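Engineer: Here you go, sequence then predicted model.
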Amino acid sequence: MPRMNAAQRHVVDFTLNGQKIRAEAENRMLLSDLLRHEVGLTGTHVGCEHGVCGACTVQIDGKPARACLTLAQQVRGSDVRTVEALAPGAAELSPLQAAFRRHHGLQCGFCTPGILMSLDALLREQPDAGREEIREHLSGHLCRCTGYATIVEAALAAAEEQRKEETPNA
Amino acid sequence: MKPASFDFLCPDTLEEALAALAEGGGEARVIAGGQSLVPMLNMRLARPGLLVDIMRLEALRRIETSGEEITVGAGVRQAELEAWTNLSRDLPLLAAAFPWLGHVQTRARGTVCGSVAHADPSAELPLSLVTLGGAVSLRSRKQKRKVKADDFFIGMMATDLAEGEMIEAVHFPKARPGSGYAFREIGRRHGDFAIVACAAVADDKGLRLGIAGVDDRPRVFALPALNDDQFDDALNDIAWSLNARDDIHASARYRRELVRNLGRETLKEASRCRA
């Protein structure tokens, strides 16, 4: 692939929430800005912009990752999922999102999209995740409202619900 | 908090990458997982003219065992090494260190060699590499060389990497049966940079203690046996021999105290693992 000039925009082909997408970005554009400003998906929030707060967490190839520590050019060919992919419909929440609402897992909601993407990946990879694994994944996120306890409760409830669904006769 | 502009190259071959680095000189930087470099770009502490993305070079994405050495290529992500089947058998020190290393979300993207190249004085992977007596393979268009880890780190985020060179792989000596390993650290929060991190090896040659977060690079020391009268004095000498600094996170005095106490605990744990 030829050297890409700093002054121009370059095509980035990738999969976003299950759909093939072609966007354009300067080399210096971060994935977080590509998602928000080029694609128009503003569910991914930008907090510290140096990888500390976790607000911008999305899933890249199934793994939670910081969109602000990823250049748009680095996701060429990758599968990116954002918080917009979680809810099955416009008026419906995913089980994890519904558990957040039930357990008051959010107040201002700024950190929530990132936390949801981390926990969604965790519950998919480790359906039997308990308090310890949930706290470990949460350690990569800052929430200044809730104090985390309700977030952990919401995640535990969602995990429990998911396990019941998978083994209906248990 | 946005990077300054740079050219970008995503080469298909290692030769192409090395040619670009040679041509770019001091202006060119390698980008792999980006978990250390992108924060530097965002804060404009780094302003390279060219980034060379090496993550599409399959040859660099290997974990290989040859003889007494585990070789981790420059494209191997931290999460990949963390999930490697033989990790707890062959690299128990790393198995103990990984939970301290950033967060799940940064290990998913960041590479092992990238952390070594960044050379943060409190980072876990450089500390583990130095403590185990590992090495770094460097490559430029003109030559290949292998440098002992202890010689590779030369100061605060400074390494022996020359212009036009890149890390091709790092080499960790394989754990030997009958040796004990331990890793501990103290930070403000789990996943934060360590205030002090200690790595210890106990084997038939004696005790070795690696310390990060105190001096401007990870340092490693040999110690007398635990039950030796001189043991605490030796730890105290180590604490004073390090160039500890006061900063916003901790005082130099506190760091020395951590070296004495956390150092002792880590060495004890390594000795217990050996038994």
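Structural biologist: Everything's here; your move.

Engineer: any bit of stretch A:15-34 sitting next to chain B?
Structural biologist: Yes. Using CB under 8 Å from any CB of the partner chain, a contact is recorded between stretch A:15-34 and chain B, made by A:Glu26, A:Asn27, A:Arg28, A:Leu30, A:Asp33. Quick note: C-beta positions are derived from backbone N, CA and C, even for glycine.

Engineer: measure that stretch end to end?
Structural biologist: The straight-line separation of the ends of stretch A:15-34 (CA to CA, to the nearest Å) is 13 Å.

Engineer: try stretch B:190-208
Structural biologist: Taking CA to CA as the measure, stretch B:190-208 stretches 25 Å from start to finish.

Engineer: Next, count neighbours for residue 58.
Structural biologist: Reading this off chain A. Burial of A:Val58, expressed as a neighbour count using other CB atoms under 10 Å in any protein chain shown, amounts to 32.

Engineer: right idea, wrong chain: chain B
Structural biologist: Counted by other CB under 10 Å, the residues lying close to B:Glu58 total 11.

Engineer: same deal with A:His10?
Structural biologist: 17.

Engineer: Also the one 5 residues further on?
Structural biologist: Under the neighbour criterion other CB under 10 Å, A:Thr15 is assigned a count of 15.

Engineer: Dig out what it forms beta bridges with.
Structural biologist: Each beta-bridge partner of A:Thr15 is listed here: A:Lys20, A:Asp79, as defined by DSSP bridges.

Engineer: these two touch, right, it and A:Val75?
Structural biologist: No. Shown here, A:Thr15 and A:Val75 do not form a contact pair, counting by CB atoms under 8 Å, at 9.2 Å.

Engineer: So which bits of chain A are right by chain B?
Structural biologist: Contact residues of chain A with respect to chain B, defined by CB under 8 Å from any CB, are listed as A:1-7, A:10, A:26-28, A:30, A:33, A:49-51, A:54, A:57, A:60, A:63-66, A:68-71, A:73-74, A:76, A:118, A:122, A:136-137, A:139-140.

Engineer: taking those residues one by one, which sit in helices?
Structural biologist: Under the assignment DSSP state H, those contribute A:Asp33, A:Ser118, A:Leu122, A:Glu136, A:His137 to helices.

Engineer: My read is that A:Pro64 contacts B:Arg107, right?
Structural biologist: No. Between A:Pro64 and B:Arg107 no contact is recorded; they are 10.1 Å apart, counting by CB under 8 Å.

Engineer: among the ones in helices among the residues of chain A next to chain B, who's most crowded?
Structural biologist: Tallying neighbours with other CB under 10 Å puts A:Ser118 at the head of those, with 26 neighbours.

Engineer: picking up where we left off before, just among the residues of stretch A:15-34 next to chain B, which is most surrounded?
Structural biologist: Using other CB under 10 Å as the contact criterion, the top neighbour count among these goes to A:Leu30, which has 28 neighbours.

Engineer: Spit out the contact partners of that residue.
Structural biologist: A:Glu49, A:Ala67, A:Cys68, A:Leu69, A:Thr70, A:Leu71, A:Ala72, B:Lys2, B:Pro3, B:Val38, B:Asn42 (CB atoms under 8 Å, 6 or more residues apart in numbering or on different chains).

Engineer: same check, this time on B:Cys273
Structural biologist: Remark: with contacts taken as CB under 8 Å, 6+ apart, B:Cys273 is in contact with B:Pro92, B:Gly180, B:Tyr181, B:Ala182, B:Ala202.

Engineer: what separates it from chain A, distance-wise?
Structural biologist: 22 Å (CB to the nearest CB, to the nearest Å).

Engineer: Which residue ranges of chain B form helices?
Structural biologist: Taking DSSP H, the helices of chain B run over residues B:14-24, B:37-42, B:78-82, B:87-90, B:92-97, B:104-107, B:112-118, B:124-132, B:149-152, B:231-241, B:252-274.

Engineer: Let me know the distance separating the residue in the stretch 101-250 of chain B that chain A sits nearest to from B:Ala95.
Structural biologist: Each residue of the stretch 101-250 of chain B has a distance to chain A, by CB to the nearest CB, and the smallest belongs to B:His103, at 3.2 Å. In this view, B:His103 and B:Ala95 are 17 Å apart by CB to CB, to the nearest Å.

Engineer: Specify which residue of the two has the higher count of neighbours.
Structural biologist: Neighbours around B:His103 and B:Ala95, counted as other CB under 10 Å, are more numerous at B:His103. The numbers are 25 against 19.

Engineer: Hmm, the more buried one is touching A:Ser139, no?
Structural biologist: Yes. Here B:His103 lies in contact with A:Ser139, judged by CB under 8 Å, at a distance of 5.9 Å.

Engineer: what residues are up against the nearest residue to B:Ile154 once chain neighbours are set aside?
Structural biologist: If the residues on either side of it in the chain are set aside, B:Ile154 comes closest to B:Asp160, at 5.9 Å by CB to CB, 6 or more residues apart in numbering or on different chains. Listed by CB under 8 Å, 6+ apart, the contact set of B:Asp160 reads B:Leu138, B:Val147, B:Asp151, B:Phe152, B:Phe153, B:Ile154.

Engineer: Pull out the buried residues from these.
Structural biologist: With neighbours counted by 16 or more other CB atoms under 10 Å in any protein chain shown, the contacts of B:Asp160 contain buried members at B:Leu138, B:Val147, B:Phe152, B:Phe153.

Engineer: Just the pLDDT at the closest residue in space to the last one that isn't next to it in sequence, thanks.
Structural biologist: What it means is B:Phe153. For B:Phe153, the nearest residue in space outside its immediate sequence neighbours is B:Arg217; the separation is 4.0 Å by CB to CB, 6+ apart. Each residue has a pLDDT score; the one for B:Arg217 is 97.

Engineer: Thought B:Pro121 was touching B:Arg217, still the case?
Structural biologist: Yes. Taking CB under 8 Å as the definition, B:Arg217 is a contact partner of B:Pro121 at 5.5 Å.
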